[in-house]
Every structure is written in structure tokens, then in C-alpha cells.
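K.L.:
Model the following, please.
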Amino acid sequence: MPDPVDIIVGQNVRTLRAKRRISQLELGEALGLTFQQIQKYEKGTNRVSASKLHQIAVFLGVDISALFEGADTTSRPVLRAEAYELAVTYATMGS
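P.N.:
Residues are numbered from 1 along each chain as shown. Next comes the predicted model:
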């Protein structure tokens, strides 16, 4: 079962992409992904990695926070800066 935040992020990606009249295929090609993967992101079926979130935001010309618009962040633990930096470092290892 998808996490509610993944669903919201996916909906926001879809909305922002559609507003710019960009197809799933075009977004996928820009990110090195298939349109099927973009569909899975937009449905919240697959979780989007931090690096892909960044690439999506850059490609769509929005701040990364726009992808989380509407997500309930009050009920979730907030990462300390050190934990966030560790997560970003881990996500970029091997790339």
C-alpha cells in the first residue's frame, strides 16, 4: 500500500507536468526513465528517490517543496540536518 506522501508527491508531479503540457514520455526521457516509471511515480506506486525529486523539480522549474505541497508534515518526524545530509550522501553513492 502506497504511503500517503508518495501519493501526494505523485499527484503534484502529474499536476505540474500537465500544467506545462509535458507528456509522461517527455518527462521520462528527460530523467532517463520510461513513461511507465513516471506513471508509477504519479500513482504513488513507486517511491521517488531524492535525486529524482531534485531532477523533476529542476526540469519542471519549481522549488522541490512544490512537489510536497499538501503533504501533512506535522504528524511525521522531522529529520535533523545531520540525518538529512546522511540520507542525501547515501542516495548519491554509486551514481
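
K.L.:
Return the distance of the residue lying closest to Asp72 once chain neighbours are set aside relative to Ser23.
P.N.:
With C-beta to C-beta, 6 or more residues apart in numbering as the measure, Pro4 is the residue that lies nearest to Asp72, at 7.5 Å, once sequence neighbours are left out. For glycine as for every other residue, the C-beta is placed from the backbone atoms N, C-alpha and C. Distance of Pro4 to Ser23, given as C-beta to C-beta, to the nearest Å: 26 Å.

K.L.:
my read: Phe35 touches Tyr41, true?
P.N.:
No: taking C-beta atoms under 8 Å as the definition, Phe35 is not a contact partner of Tyr41, at 10.4 Å.

K.L.:
which of those two has more neighbours?
P.N.:
For Phe35 against Tyr41, the residue with the higher neighbour count under other C-beta atoms under 10 Å is Tyr41, and the figures read 26 against 14.

K.L.:
roughly how far apart are the more buried one and Thr89?
P.N.:
With C-beta to C-beta as the criterion, Tyr41 and Thr89 are 23 Å apart.
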